[in-house]
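Trainee: Any chance you can model this:
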Amino acid sequence: MKTFLISIALTVSMFFLLVANFQSDSPVRLGFVGDAEAIIGMPWTPLSFAGVARRSMYREAAWNAAAYNVAATNAAAANMAYANAAAVQAANANAAAAQAAAANAQAAAAEGPLVVWHGDQEGDVVEFLKIFTQKTGVQTVQQRLLPGAAVPKLEAEFRTGTSDVDTYMTSDAGIMETLRQQNRLLRYVPKEIDAYAKNYRSDEPGWWTTYYINAGPMMYDPRFVTEAEAPKTWIDLLDPRWSGQIGFQNASAGTSYAFWFVMKDFLPKDFFDKLTAQKPRAYSSSTQIQQDIERGNLKIGGRVSVFQYVKALRAKNPVKAVFPAEGTPSVNQVVGIIGSTKRPNGSKIFIDYLTSREGQQSWNDIQGSPSARAVSVSFTQTPDSKFIDTDDPSASSRTFSESWSE
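Mentor: A predicted model of the protein is given here:
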């Protein structure tokens with residue numbers, strides 16, 4: 001599965017032309033009566049024939065008008081009855097949904113604060129969870145754990161039976177697939193799952209769903225690197241001038257794994273060996289990379305989450321993003337419910353809100369990442385680019401960890 005995502009803005013105007021037709025078999029007909037059968041005594045004068053025709057035409061027109069009125073009245077009554085029935089049905093459905101939501105909220109409140117693990121920007125998650133609690137009343141506790149730290153912790157807690165995490169947000173869909181195969185996830189299909197294409201959710205919907213697309217272009221600050229000398233392709237990172245001046249997230253980050261796993265099939269076989277010789281600098285988050293770029297302490301962000309560029313644009317910082325012609329690696333940031341959750345009701349409410357259009361808009365307003373929803377969510381546009389995604393999210397990362405940590 002290769003995903004090619006192109007940001008395109010389309011404006012479409014639609015005009016509807018209403019055309020009224022009178023059919024020959026409709027209750028109202030225009031024209032002469034063609035089948036008057038009144039028998040008139042002799043003589044057949046033109047005047048008497050015309051009078052009969054007029055009277056016949058009047059009678060037929062009156063009969064048709066009456067028939068039309070009856071039909072129209074019956075149709076209106078039927079439409080009103082249907083509308084009333086539909087309104088009652090909708091009201092009942094809304095009432096049932098409201099009752100169910102209230103019951104779920106009460107059950108979630110009784111469970112206690114929802115425990116959310118994530119590998120995202122902590123400030124962004126904290127802000128989003130505040131909005132979530134305001135909307136739903138569900139209290140939360142969050143902990144930031146990159147995939148490289150989350151997996152060992154999960155394994156240890158599964159072994160000892162002490163797992164307390166409820167929902168997990170991660171940049172490594174492979175982890176979620178592995179947990180699903182191990183029967184360590186709770187399946188719950190979000191209410192708005194139909195808004196997500198198949199490549200943005202588990203094969204069987206409900207195990208995990210993409211809550212945003214994390215693309216990773218290169219970045220630099222034109223105050224310290226001119227546009228002319230800035231790298232234009234991934235191969236340009238091998239220029240000796242960038243030795244010790246390229247920043248990547250460390251091997252614990254799922255985004256770094258995605259960059260390696262995807263681009264190894266698009267770049268020369270020895271690319272990563274040569275990149276290692278450039279002595280790139282490791283960071284624990286893309287925020288740290290971005291901060292060093294803006295301070296002039298780092299010349300090139302080798303692979304930086306695209307939302308950092310969006311945040312820079314919003315802050316009017318002069319940061320430039322480079323979307324190489326070879327393609328820009330992207331990763332699905334996914335969310336799922338851990339099977340041993342102690343707060344299933346709160347977890348389901350969280351999944352529903354995060355994947356809803358309202359929740360996606362809230363997340364984007366905070367962070368600026370493209371939504372995976374088919375129904376558009378407005379966000380700050382980035383340059384058109386070819387986004388490349390992995391076609392095997394559950395592939396082993398052992399080789400990556402060994403090579404990336406060198």
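Trainee: all helices of the stretch 101-250 of the chain, in order?
Mentor: Here the stretch 101-250 of the chain has its helices, by DSSP state H, counting those that start in this stretch, at 122-136, 147-160, 173-181.
Trainee: mind putting those helices in a markdown table, mean neighbour count and distance to residue 314 included?
Mentor: No exception for glycine: its C-beta is placed from N, CA and C like everyone else's. Converted to a markdown table, those look like this (neighbours: other CB atoms under 10 Å; distance: least, CB to CB, whole Å):
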| stretch | mean neighbour count | distance to residue 314 |
| --- | --- | --- |
| helix 122-136 | 16 | 13 |
| helix 147-160 | 15 | 28 |
| helix 173-181 | 20 | 28 |
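Trainee: quick one: which of these is nearest residue 373?
Mentor: helix 122-136 (15.9 Å; CB to CB).
Trainee: Next, format the helices of the stretch 101-250 of the chain as JSON lines and append distance to residue 287.
Mentor: Formatted as JSON lines, the helices of the stretch 101-250 of the chain follow (distance: least, CB to CB, whole Å):
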{"stretch": "helix 122-136", "distance to residue 287": "8"}
{"stretch": "helix 147-160", "distance to residue 287": "17"}
{"stretch": "helix 173-181", "distance to residue 287": "22"}
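Trainee: Tabulate these (JSON lines), appending mean pLDDT and distance to residue 340.
Mentor: Shown next, in JSON lines, are those (pLDDT from 0 to 100; distance: least, CB to CB, whole Å):
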{"stretch": "helix 122-136", "mean pLDDT": "97", "distance to residue 340": "21"}
{"stretch": "helix 147-160", "mean pLDDT": "92", "distance to residue 340": "7"}
{"stretch": "helix 173-181", "mean pLDDT": "93", "distance to residue 340": "11"}
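Trainee: Figure out which of these is closest to residue 256.
Mentor: The nearest among those, by CB to CB, is helix 147-160 at 9.4 Å.
Trainee: The closest residue to residue 331 other than its chain neighbours sits in which helix or strand?
Mentor: Using CB to CB, 6 or more residues apart in numbering and skipping the chain neighbours, the partner closest in space to residue 331 is residue 258 (3.8 Å). Here residue 258, judged by DSSP states H and E, is contained in helix 254-263.
Trainee: OK, contacts around residue 212?
Mentor: Counting by CB atoms under 8 Å, 6 or more residues apart in numbering, residue 212 touches 333, 360, 363-364, 367, 369-372.
Trainee: Could you do residue 355 as well?
Mentor: Counted by CB under 8 Å, 6+ apart, residue 355 has contacts 190, 192-193, 195-196, 209, 211, 335, 373.
Trainee: Read off the pLDDT value for it.
Mentor: On pLDDT, residue 355 comes in at 97.
Trainee: Just give the nearest non-adjacent residue to it, would you?
Mentor: The nearest residue in space to residue 355 (CB to CB, 6+ apart) is residue 190, at 4.3 Å.
Trainee: got the contact list for that neighbour?
Mentor: 206, 209, 351-352, 355-356.
Trainee: can you do 10 Å?
Mentor: 196, 201, 205-206, 209, 211, 335, 348, 351-356, 359 (CB atoms under 10 Å, 6 or more residues apart in numbering).
Trainee: Roughly how far does it sit from residue 360?
Mentor: For residue 190, the distance to residue 360 (CB to CB, to the nearest Å) stands at 11 Å.
Trainee: Common neighbours of these two, please.
Mentor: 211, 353-354.
Trainee: If you rank the contacts of residue 212 by neighbours, which is first?
Mentor: residue 363 (27 neighbours; other CB atoms under 10 Å).
Trainee: which SS class is it?
Mentor: Here residue 363 is recorded as helix under DSSP: H, G, I helix; E, B strand; the rest coil.
Trainee: surely it meets residue 121?
Mentor: No: between residue 363 and residue 121 there is no contact, the gap being 11.2 Å when judged by CB atoms under 10 Å.
Trainee: Between the two, which contacts overlap?
Mentor: Going by CB under 10 Å, 6+ apart, residues that sit against residue 363 and also against residue 121 are residue 127.
Trainee: burial of residue 80, as a residue count?
Mentor: 10.
Trainee: residues contacting residue 158?
Mentor: 179, 182, 184, 338-340.
Trainee: just to revisit the earlier point, could you list which of the contacts of residue 190 belong to strands?
Mentor: Judged by DSSP state E, those include 209, 211, 335 as members of strands.
Trainee: List the contacts of the closest residue to residue 340 other than its chain neighbours.
Mentor: Spatial nearest neighbour of residue 340, chain neighbours left out: residue 163 (4.5 Å); criterion: CB to CB, 6+ apart. For residue 163, the contacting residues are 115, 153-157, 184, 338-342, by CB under 10 Å, 6+ apart.
Trainee: from the residues you listed, which is closest to residue 293?
Mentor: When the contacts of residue 163 are compared against residue 293 (criterion: CB to CB), the nearest one is residue 153, at 30.8 Å.
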